[in-house]
Each structure stands twice: as C-alpha cells, then as structure tokens.
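J.: Below is the sequence, then the predicted model.
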Amino acid sequence: MLDFTLALVGAGPLPELSMREGALQLADRFSAELVPLACGSEPHSGLQALASRQRDHNRPTLLRLSGDAAMAEGSSGSWLDALAAWRCPVLLLVQPNAAGLIPGMAPASVALCHSLNIPLVGLAQLGGRWDLTARRRDGLPWCGHLDTTDDGEAASDALVRSIQQRWKRMNPAISSELARLAS
C-alpha cells in the first residue's frame with residue numbers, strides 16, 4: 001500500500017487545465033507533494049517509483065493521473081487495475097457539463113472502482129454550481145465541491161475536511177501526518 005498517497009483520477013474525460021488546477025489547489029490545501037503522471041505510462045513502475053520516494057519522507061503525496069485511467073495499457077493492465085493492486089486510495093474528480101449536470105461517467109467510475117476493490121475516498125466536483133440536494137439524491141459518495149472562484153473558500157474547506165476524514169479512516173498511518181499539517 002502507498003501509505004501517504006492519494007490518487008486523483010478523472011471520472012471520464014476532464015479538460016487538462018481543470019484537472020491540473022484542481023490538483024494544484026488540493027495539493028496546496030494538504031501541503032502535499034503533487035506528482036503528475038500520464039495514463040499512457042506503465043502503471044506498476046510508476047507506482048513503484050512513487051513508493052520508493054515515499055520511503056525518504058512521510059509527506060502526503062497526491063498522484064494526478066492525466067488521461068483515461070481505465071484504459072488497458074498493454075500487458076500491464078490499466079492504471080485503475082494497478083491502483084487496486086497497490087491498494088492506493090482514489091479521489092474521483094468530476095466536472096459538471098454546461099447544463100450543470102453530472103455526467104454518467106461519474107456513477108460508472110464509482111461502480112468500476114467498487115468492482116476492482118479500489119479504496120475509494122469519494123468524488124469531488126470541480127467547478128460549476130454545487131447542488132447539494134441533487135448530489136444527495138444521486139447516491140454517490142460525494143466529498144464536496146472544489147470551488148476555484150474567489151468566494152468558494154468555505155466549500156473547498158469543507159471538501160478538504162471530508163477528504164481528510166475519509167482518508168484517515170482508510171489509512172490510520174496518514175492520520176498523524178494530516179493532523180500535523182492541519183495545525
């Protein structure tokens with residue numbers, strides 16, 4: 001298991017700029033190292049390199065995967081297969097469409113994570129208008145809304161608290177490090 005790593009995975013195709021900005025904001029809020037990797041790269045060697053780096057420091061790491069994490073990459077399988085094998089917790093990032101609706105790839109991605117036994121922290125909505133009633137109604141494990149606007153501080157703070165609580169429950173080893181960084 002990658003004790004101090006949380007993988008940020010797009011639920012369906014996300015614009016690279018949105019994914020990068022969201023990941024940077026989360027890394028800043030967690031005081032975490034941000035490691036970007038392309039889904040076209042070999043997953044197991046990428047995770048092995050990440051595990052080797054973690055031996056040198058006990059600092060949270062956010063792994064930002066760009067591309068289709070569910071697509072099989074030759075004989076090594078998909079990034080999601082590798083994340084499952086390494087027991088690496090995943091946060092799915094979702095962007096609403098132009099009408100403000102959550103694409104069907106969000107529930108499909110959650111179902112795929114469950115079928116692969118991936119430790120799923122939950123989903124985070126990137127931008128758009130947060131509709132709490134609709135999010136509760138869809139039954140998905142939402143952590144909250146990452147609002148990149150100037151007045152979105154409270155929503156983003158609530159998102160970070162939710163991610164921290166869920167990540168700690170999955171991995172007690174990260175608990176003390178997240179508490180130290182929060183103070």
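T.: Perfect, thanks for sending it. Numbers count the residues shown, from 1 in each chain.

J.: for the record, mean pLDDT for the helix or strand where D28 lies?
T.: According to DSSP states H and E, D28 maps onto helix 16-30. Here helix 16-30 scores 93 as its mean pLDDT.

J.: how about W130, what does it touch?
T.: Shown in contact with W130 (Cβ atoms under 8 Å, 6 or more residues apart in numbering): G144, H145, D147, A155. C-beta coordinates here come from the backbone N, C-alpha and C atoms, glycine included.

J.: Now these in TSV, please, with extra columns for secondary structure.
T.: Below are the contacts of W130 laid out as TSV (DSSP: H, G, I helix; E, B strand; the rest coil):
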residue	secondary structure
G144	strand
H145	strand
D147	coil
A155	helix
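
J.: From those residues, list the buried ones, please.
T.: G144, H145, D147, A155 (16 or more other Cβ atoms under 10 Å).

J.: Next, the contact list for the first one, please.
T.: I take that to be G144. Contacts of G144 (Cβ under 8 Å, 6+ apart): A124, Q125, W130, A155, S156, A158, L159, S162, I163.

J.: And for N117?
T.: A84.

J.: Recalculate using a threshold of 10 Å.
T.: Listed by Cβ atoms under 10 Å, 6 or more residues apart in numbering, the contact partners of N117 are A84, A85, R87.

J.: List the ones among those that fall in helices.
T.: A84, A85 (DSSP state H).
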